[in-house]
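Visitor: Need a 3D model of the sequence below.
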Amino acid sequence: MQIKMSPNIAVRHQDYSEAIEFYSNVLGFKNRSSDPELADFDADPINLFVLEDEEFNGAILELFVSDLDEARDFLVENGCKVLRWRGKGQDCYIQDPFGVIYNLWEE
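Guide: Numbering: from 1, shown residues only. Presented below is the predicted three-dimensional model:
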């Protein structure tokens with residue numbers, strides 16, 4: 001099984017418009033998205049996505065994995081816990097033993 005860090009970071013927040021305002025006007029990142037429910041900021045060298053979420057607040061890093069289910073099982077066996085699991089191509093959130101949340105994305 002292969003795991004590698006993705007250049008994508010999601011910021012999930014209950015106040016989507018406030019987050020968009022901050023990343024656009026305070027940090028000066030350009031929003032590449034015209035989707036009213038997803039902001040895609042160019043924060044070179046990373047991609048910073050902002051989404052509204054009632055359950056999660058804060059940054060979610062992303063890991064690219066070769067096999068989604070195998071990676072989940074391996075990480076759980078090594079002290080991680082599943083926070084949200086919607087399957088391939090959707091949110092698959094794992095929290096490591098140190099509190100960091102990752103979205104697993106099968107390449």
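Visitor: Scan the chain for its longest helix.
Guide: Determined from DSSP state H, the single longest helix within the chain is helix 68-77.
Visitor: buried residues in that helix?
Guide: Across helix 68-77, burial judged by 16 or more other Cβ atoms under 10 Å covers 68, 71, 72, 75. Using the backbone N, CA and C atoms, a C-beta is placed for each residue, glycine as well.
Visitor: which residues are contacting it?
Guide: 1, 3, 63, 65, 82, 85, 87-88, 92, 94, 96, 104-106 (Cβ atoms under 8 Å, 6 or more residues apart in numbering).
Visitor: ok so, going back, need the buried residues of helix 68-77 in CSV with distance to residue 31 and pLDDT, can you?
Guide: Listed next are the buried residues of helix 68-77 as CSV, based on distance: Cβ to Cβ, whole Å; pLDDT from 0 to 100:
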residue, distance to residue 31, pLDDT
68, 29, 97
71, 31, 98
72, 32, 98
75, 32, 98
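Visitor: Among the contacts of helix 68-77, name the buried ones.
Guide: Neighbour counting over the contacts of helix 68-77 (16+ other Cβ under 10 Å) leaves 63, 65, 92, 94, 104, 105 as the buried ones.
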